[in-house]
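Peer 1: Fold the following and give me the result.
(2 chains)
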Protein chains: 2
Amino acid sequence: MNHLNKEVTLCGWVQKSRDLGGLTFIDLRDRYGITQLTFNMEDKPALCKEARALGREYVIQVKGTVRERSSKNLNILTGEIEVDVDVISVLNASKTPPFTIEDETDGGEELRMKYRYLDLRRKPVQDKILLRSKIAQSVRNYLANADFIEIETPYLIKSTPEGARDFVVPSRMNEGQFYALPQSPQTFKQLLMVSGYDKYFQIVKCFRDEDLRADRQPEFTQIDCEMSFVEQEDVLNTFEKMVKTIFKEVKQVDLPVFPRMTYADAMKKYGSDKPDIRFGMEFYELNHLAQGKGFKVFDEAELVVGINVKGAASYSRKQLDALTKYVQTPQVGAKGLVYVKLNEDGTIKSSVDKFYTAEQLQEWANGMEANKGDLLLIISGKANQSRFAMNSLRLHLGNELGLRPKDKFAPLWVIDFPLLEQDEETGDLHAMHHPFTSPKAEDVDKLSTTPTEVRANAYDMVINGVELGGGSIRISQKEMQQKMLRLLGFSDEEAKAQFGFLMDAFEYGTPPHGGIAFGFDRLCALIGGTDSIRDYIAFPKNNAGRDVMIDAPAKLDEEQMKELGIKLQSN
Amino acid sequence: MNHLNKEVTLCGWVQKSRDLGGLTFIDLRDRYGITQLTFNMEDKPALCKEARALGREYVIQVKGTVRERSSKNLNILTGEIEVDVDVISVLNASKTPPFTIEDETDGGEELRMKYRYLDLRRKPVQDKILLRSKIAQSVRNYLANADFIEIETPYLIKSTPEGARDFVVPSRMNEGQFYALPQSPQTFKQLLMVSGYDKYFQIVKCFRDEDLRADRQPEFTQIDCEMSFVEQEDVLNTFEKMVKTIFKEVKQVDLPVFPRMTYADAMKKYGSDKPDIRFGMEFYELNHLAQGKGFKVFDEAELVVGINVKGAASYSRKQLDALTKYVQTPQVGAKGLVYVKLNEDGTIKSSVDKFYTAEQLQEWANGMEANKGDLLLIISGKANQSRFAMNSLRLHLGNELGLRPKDKFAPLWVIDFPLLEQDEETGDLHAMHHPFTSPKAEDVDKLSTTPTEVRANAYDMVINGVELGGGSIRISQKEMQQKMLRLLGFSDEEAKAQFGFLMDAFEYGTPPHGGIAFGFDRLCALIGGTDSIRDYIAFPKNNAGRDVMIDAPAKLDEEQMKELGIKLQSN
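Peer 2: Okay, here's the model as predicted:
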């Protein structure tokens, strides 16, 4: 309001115009919002006609005087004022855009992607891009204040053994040879620790050439960090504080202390290594109560697992059928769903009444801390599969019951991940995080006997069921790194060819070190309160990895391929 | 000093140890400096023996008490104290490094590149990496405070017509098609202006696949910026202030107001579009004085150009011969060098005494503002070549005479660049900056008649003869962009295929816009006071574009190439 009656010059886009006979109003849009421009036919008829000729999305400059509005719009920042215009200059005209530039647009996904530069004008999209910029500054300020050094690692590196997912880049100067784009700066940040840069960070693009799911992009951004002379506790504290600081600065939200949960507990209680703990509905294992009573399905199951849906005894047959169908979808994969209703009148009704007495079912209820009015849902089968299905059901119910509000944030550290996982078919061991993760000192002995039981110094930060970041204390001894690579099936020659430089480096005074990497796109999406990371990327690719706006990727000239020393397989 | 007599725990590397019989001293190095550790054989013989067993570059942790040193070393930050150690833990041993980890090392370039992680431990290298981090924060803080939005543009884009320099990336999901890595985010930042993000910035990697000179890297970093609703003046002011702020914050140097010089003046006065104005020695054009007096070399020259080397009349014959040889080297390319000595005794001695009288030479001296004791050096021939050679000579003399001190900074804006340059052989027109640069309004008419005379709204920031950044006000009208691309020899089909998305965007209300991009590596080198940008890159590539530490680029598996749908030409 302190510009009142001042002369101003404004530039922006014509959002819309209204012609009310004697008066013409134009909403002028710029990065900072909407300003109403007024033109009076009686006072300035020529100007008013000029104004009426302006189309949507014209870029104009106006000079005029700020006035108080007679009818104020308190929903927008500049809603109390308007500008009484004296001069209009059209800086550029516009064709009618292919979709409306409004919060709710009539443009479909594909059209908006093709004209992404117009989609980016819409306020909900702009808000997301601005939020991302703010979060980036907040992250950098926190880390710089904590004495972290920003160091750029190279983009043109070497293909790694998980090479199938590398994007590669033919080198003109080294014909027949290729660089790879990094899936992460992992080895370089470890080398920086060897070099004595005891706190490193970088917000950096990473690349992965794999089939894209809805929530994946071939190029994505990481907040990448590493520290020396630290233990797990130091890393957790540093980055818990970072995320709290970001939430406070950017969203004015005070996050609570992050509870910690072991991987084993997370799997047992939630069937997931990234549980959403905005709500309870924890798992109860019922083998001891449910087995041996003649119900074959349960008797033959490795695991009988249930959840207590508070107050849901009133679910109708139809609702229960829908839940059963849901767990039977291929993505969830359960064979069926058993229910036990603890009716308000004290009676118990279940889908297994034939096999269990009311007393037995009451025992289940007691075991599951259930009361009158609650609904018990039970899945059985292979342990892993049952947990997986029950996790899906729990989240599904969480959504259905409104237990997962976007404005509630439940952070969590999941710790003590297994070091290795075993391929069920081949028996091969894979690193659960990556081959540089260190085993817990107290479990090292098991490496040669029961390697799958070895726990790692590895941790994930999870908020609202979203894995925001993960990291580990690394191996810093050559011998241990060699042992690890052998366990993963590398021959010593392969290990040397791929990671020789890192293992050599370990021999020259390597400090204990560890770190973490956050998915920056995902962090933005979580703070912004939407599910798709794509919304937070200015120029995202579609599910086929294409940028439909610039039409990339595209064919190359024969000439250019020749210079690069490559040709197509199909030729 | 306020830690005196406190218990401390320190971690770091053994820089060196000295065994003085009863006392053993160890210099412990960490990121923050050197701390002296003391071990007394009399008090703690076992501990002292442990200390003596530590090799160079061992990583250790010590606990002890901070004491005042008896002999202080005021050259280092922690030189007044030492730590009287109670406990040593060896965190990791080290082999003897292949070169000494000292300010002056015995390792050659190649060895240091192979063990870059050890080279990075040396203080002069570390200082550069830390400086770079500081400069990055300073840049971002300035721009964020000035309301610039940080937006990431994509790395996997489309090959451009200057495609010969693009690195390309085969797409697995779109077989036979390729992405390109950006040489700059130019078109994307212009699209962001179309989208209404009126101030954009990004510190971003760019890629160029070309033969590498000493000061080039295949991947390099840019500070990339763009603004809407601005004129050249706004851009110059914004970024002059940015660079002043950085110099002040990072180097405690107050830069003066940046003078402005047209391209035409820069070429005339310095023979360069990036003159080093730390010193004078400007060019004088002598055609009117030197021609028509019977000296054929000058008479047939397009340009006779001289500089006045103040106080250098005392140069010996040998020195003058050396300068003549210098200008005759192929890189400089002059045919010869004429000198005129204005001796202190009032006599004049020149290499062209046969052709000119003392009075005539005195006229030259007057025209060149020369006095007794000065030396005039003159080159003639084709105008461009003579200016080029004289520029080289001027800089050479500047170095020789100590006129280019590293701690003096002379910034400059060079403005009014030509829009186009003409290939002397083919007559083809090329964009001097890039095809998106706008012509000056007052020169637009010449586009169809004398296009090489058209000046552009283009500018470079030059400090100490180094081009730090360059930019322009862009074309924002489709018709003008089309006209420009036609002038550059694009068919309308080619233009549409390459830049159709940008020209389409121009039709939907594009604001006037312009920007600038700075070479970040070069900015760091300039502030750091060294010539090579490579020193400021944590993991640089060598002149063959190789990372010798990780040995990249490298061959790919047949299998991997097959998956990517490519094979080698040689197969």
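Peer 1: near chain B, which residues of the stretch 401-550 of chain A show up?
Peer 2: Within the stretch 401-550 of chain A, the residues that sit near chain B (CB under 8 Å from any CB of the partner chain) are A:476-477, A:501, A:505-512, A:537-539, A:541, A:544-547, A:549-550. (C-beta placed from N, C-alpha, C; glycine too.)
Peer 1: low pLDDT regions in chain A?
Peer 2: Chain A contains residues with pLDDT under 70 at A:1-2, A:161-164, A:212-214, A:571.
Peer 1: phi, psi of whatever residue of the stretch 301-450 of chain A ends up closest to chain B?
Peer 2: Here the stretch 301-450 of chain A gets closest to chain B at one residue, residue A:438, 13.1 Å apart by CB to the nearest CB. Taking degrees, to the nearest 10, you get phi -90, psi 150 for the backbone angles of residue A:438.
Peer 1: distance of it from residue A:95?
Peer 2: In this view, residue A:438 and residue A:95 are 60 Å apart by CB to CB, to the nearest Å.
Peer 1: For those two, indicate the residue with more neighbours.
Peer 2: Between residue A:438 and residue A:95, residue A:438 has the larger neighbour count (other CB atoms under 10 Å in any protein chain shown), namely 23 against 12.
Peer 1: any idea how far residue A:417 is from the more buried one?
Peer 2: Taking CB to CB as the measure, residue A:438 falls 12 Å from residue A:417.
Peer 1: Give the residues shared as contacts by those two.
Peer 2: residue A:456 (CB atoms under 8 Å, 6 or more residues apart in numbering or on different chains).
Peer 1: What segments of the stretch 201-350 of chain A are strands?
Peer 2: Using DSSP state E, counting those that start in this stretch, the strands found in the stretch 201-350 of chain A span residues A:219-228, A:260-262, A:283-285, A:303-309, A:338-342, A:348-350.
Peer 1: can you map out the helices along the stretch 1-150 of chain A?
Peer 2: With DSSP state H, counting those that start in this stretch as the criterion, the stretch 1-150 of chain A has helices at A:45-52, A:109-114, A:116-119, A:123-145.
Peer 1: Would you mind identifying the next helix or strand past the one helix or strand residue A:397 maps to?
Peer 2: Assigning secondary structure by DSSP states H and E places residue A:397 in helix A:383-400. Downstream of helix A:383-400, the next assigned helix or strand under DSSP H and E is strand A:411-415.
Peer 1: Which strands or helices does that next one pack on?
Peer 2: In terms of contacts (3 or more CB pairs under 8 Å, 6 or more residues apart in numbering or on different chains; DSSP states H and E), strand A:411-415 is packed against helix A:232-251, strand A:260-262, helix A:263-270, strand A:458-463.
Peer 1: Now with 10 Å, please.
Peer 2: helix A:232-251, strand A:260-262, helix A:263-270, strand A:458-463, strand A:466-473 (3 or more CB pairs under 10 Å, 6 or more residues apart in numbering or on different chains; DSSP states H and E).
Peer 1: what lines up beside the last one in the sheet?
Peer 2: Its sheet considered, strand A:466-473 pairs with strand A:458-463 (antiparallel), strand A:513-519 (antiparallel) by DSSP bridges.
Peer 1: Nearest to residue A:403, out of those strands?
Peer 2: strand A:458-463 (15.4 Å; CB to CB).
Peer 1: what's the angle between that closest one and helix A:232-251?
Peer 2: Here strand A:458-463 runs at an angle of 20 degrees relative to helix A:232-251 (axes from the mean of the first three to the mean of the last three CA atoms, to 10 degrees).
Peer 1: What's the separation between residue A:535 and residue A:128?
Peer 2: The gap separating residue A:535 from residue A:128 is 5 Å, by CB to CB.
Peer 1: Need the residues touching each of the two.
Peer 2: A:524, A:525, A:528 (CB atoms under 10 Å, 6 or more residues apart in numbering or on different chains).
Peer 1: counting contacts, what elements does whichever strand or helix holds the second one pack onto?
Peer 2: When secondary structure is defined using DSSP H and E, the element that contains residue A:525 is helix A:520-528. In terms of contacts (3+ CB pairs under 10 Å, 6+ apart), helix A:520-528 is packed against helix A:123-145, strand A:199-207, strand A:219-228, helix A:232-251, strand A:458-463, strand A:466-473.
Peer 1: related to what we said a few turns ago, Serialize the strands paired with strand A:466-473 to TSV and add fields for mean neighbour count.
Peer 2: As requested, the strands paired with strand A:466-473 are exported to TSV (neighbours: other CB atoms under 10 Å in any protein chain shown):
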stretch	mean neighbour count
strand A:458-463	24
strand A:513-519	24
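Peer 1: In CSV, list those along with distance to residue B:65.
Peer 2: Formatted as CSV, the strands paired with strand A:466-473 follow (distance: least, CB to CB, whole Å):
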stretch, distance to residue B:65
strand A:458-463, 35
strand A:513-519, 27
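Peer 1: tell me the contacts of the closest residue to residue A:89 other than its chain neighbours?
Peer 2: Nearest residue to residue A:89, sequence neighbours excluded (CB to CB, 6 or more residues apart in numbering or on different chains): residue A:61, at 4.5 Å. Contact analysis of residue A:61 by CB under 10 Å, 6+ apart lists A:9-12, A:28, A:87-91, B:229, B:511-512.
Peer 1: what angle do the longest strand along chain A and strand B:219-228 make?
Peer 2: Longest among the strand segments of chain A by residue count, using DSSP state E, is strand A:7-20. Computed by the same axes, to 10 degrees, the angle separating strand A:7-20 from strand B:219-228 equals 70 degrees.
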